[in-house]
Every structure is written in C-alpha cells, then in structure tokens.
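>>> here is my input; please provide its structure:
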Amino acid sequence: MKQDTADQPASAYFIEERHDPNETHTLSVLVQNEPGVLARVIGLFSGRGYNIDSLTVSETEHAKHMSRITIVTTGTPMVIQQIKHQLDRMIPVYRVVDMTTMGRSLERELAMIKVKGMGDTRIEALRLAEAFRARVIDATTESFIFELTGGSDKIDQFISLMVPLGLVETSRTGVAAISRGPDGM
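Take a look at the predicted model:
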C-alpha cells in the first residue's frame with residue numbers, strides 16, 4: 001500500500017516556516033567622508049542579498065569630514081535588525097539611526113518628470129501638476145519637465161497619473177530624511 005506524501009513534510013524534521021511580513025525602513029547612517037566608504041556600505045547589502053530601494057549620500061559636516069547616507073530598504077524585522085547591527089559594526093560608521101522606528105522624522109524626495117503632449121493632454125498635465133504643486137522647470141511646444149518634491153508616495157502617484165498623458169522619463173533623487181525636534185542625529 002502506497003502512502004500519500006502530499007500532506008507530509010519533505011524532511012524527517014518538521015520545522016515550522018515563518019512568514020514575517022516585509023517592512024520598509026529608512027536608515028540614516030553617519031559616516032567618515034573618505035574614499036571607499038560608500039562602496040563598503042553598499043557591499044554589505046549586496047554581499048548578503050539585501051536590497052536598497054533608495055540611496056542618498058552627501059557631506060553634511062565639512063569641517064568634521066562627515067557624510068550622511070540615507071538608505072531605504074525592505075526586509076523582515078529580523079533582516080532589518082541584522083542590517084542595522086552590521087552597519088553599526090563597520091569602522092567608518094559613527095552612528096546608525098532607524099528613522100522609521102523613531103516615528104518623528106520627515107522624509108522627502110525630489111523628482112523631475114518629463115511629459116510629452118499637446119492639446120487637451122497638455123492642459124490636463126498642467127492641471128494635475130498644479131494640484132500636486134509641481135513646478136514647470138522647462139517647457140517646449142511639445143513637452144514639459146515638472147519638478148516635484150514630497151514623499152515617495154506622492155511622487156509615485158503623480159508619475160502614475162502622467163503615464164497616460166505622455167510620460168517620457170523620470171529622474172529621482174532618492175529619499176532624504178531628518179528627525180523632528182531640537183536634537184540632531
């Protein structure tokens with residue numbers, strides 16, 4: 001008599017699979033501004049198979065040679081915790097702050113969106129741009145380039161509305177984040 005194996009686990013040891021939901025977190029990493037630091041931080045992510053959804057880097061304190069790397073990444077709570085611990089152990093890293101868990105932070109992104117169109121399509125694109133507070137930074141008789149600043153969701157929504165109106169291309173800066181209140185990072 002052959003036994004039905006469809007209901008049995010493939011292993012002799014039954015281990016319950018965990019399906020923790022993925023979360024998106026914004027990490028602010030204060031680093032020494034020296035050659036190779038960004039490559040090492042990115043190498044940490046790629047070497048372990050972690051994804052970077054957004055990356056913004058700039059020197060923030062010229063006299064102290066400090067830069068801030070803002071990274072938006074997605075993973076399970078355990079993966080996010082691992083990323084923070086591994087970043088914190090890197091030598092050129094001074095501080096890692098999870099802006100998402102702080103709850104008191106502002107996040108903004110800048111996008112430039114090129115839209116091609118004439119007639120009613122052109123008028124509709126301008127109307128929507130006004131509603132989203134997007135500025136026209138370049139215009140020809142056949143196209144516009146809009147500049148839009150705001151949260152990533154706002155930019156995503158504006159871009160999705162521009163697709164049927166003649167979206168040509170977009171360029172985005174990535175997320176910049178800062179904590180609210182009088183205290184710094």
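>>> number of nearby residues for residue 65?
11 (other C-beta atoms under 10 Å). Glycine gets a C-beta too; all of them are placed from N, C-alpha and C.
>>> kindly apply the preceding question to residue 47 instead.
Neighbours of residue 47 (other C-beta under 10 Å): 9.
>>> and the pLDDT for it?
Listed pLDDT for residue 47 reads 90.
>>> same check on residue 92?
On the pLDDT scale, residue 92 is placed at 89.
>>> spatially nearest residue to it (excluding sequence neighbours)?
What sits nearest to residue 92 in space, not counting adjacent residues and going by C-beta to C-beta, 6 or more residues apart in numbering, is residue 32, at 4.2 Å.
>>> what residues does that neighbour make contact with?
Residue 32 is in contact with 65, 66, 67, 92, 94, counting by C-beta atoms under 8 Å, 6 or more residues apart in numbering.
>>> tell me which residues in whichever strand in the chain runs longest are buried?
The residue-count maximum for a strand in the chain (DSSP state E) belongs to strand 105-116. Using 16 or more other C-beta atoms under 10 Å as the test for burial, strand 105-116 gives 105, 107, 109, 110, 111, 112, 113, 114, 115, 116.
>>> residues touching residue 178, list them.
So residue 178 contacts 28, 105, 106 (C-beta under 8 Å, 6+ apart).
>>> what residues are bridge-paired with it?
Residue 178 has these beta-bridge partners by DSSP bridges: residue 106.
>>> ok, so of the contacts of residue 32, who is nearest residue 166?
Each of the contacts of residue 32 was scored against residue 166 by C-beta to C-beta, and residue 67 proved nearest at 38.1 Å.
>>> next SSE downstream of the helix or strand where the closest one lies?
Per DSSP states H and E, residue 67 falls inside strand 66-75. Sequence-wise, the next helix or strand downstream of strand 66-75 (DSSP H and E) is helix 77-89.
>>> the helix or strand just after that following helix: partners in the sheet, and parallel or antiparallel?
Note on helix 77-89: by DSSP H and E, the next helix or strand toward the C-terminus is strand 93-98. Next to strand 93-98 in the sheet, as set by DSSP bridges, lie strand 23-32 (antiparallel).
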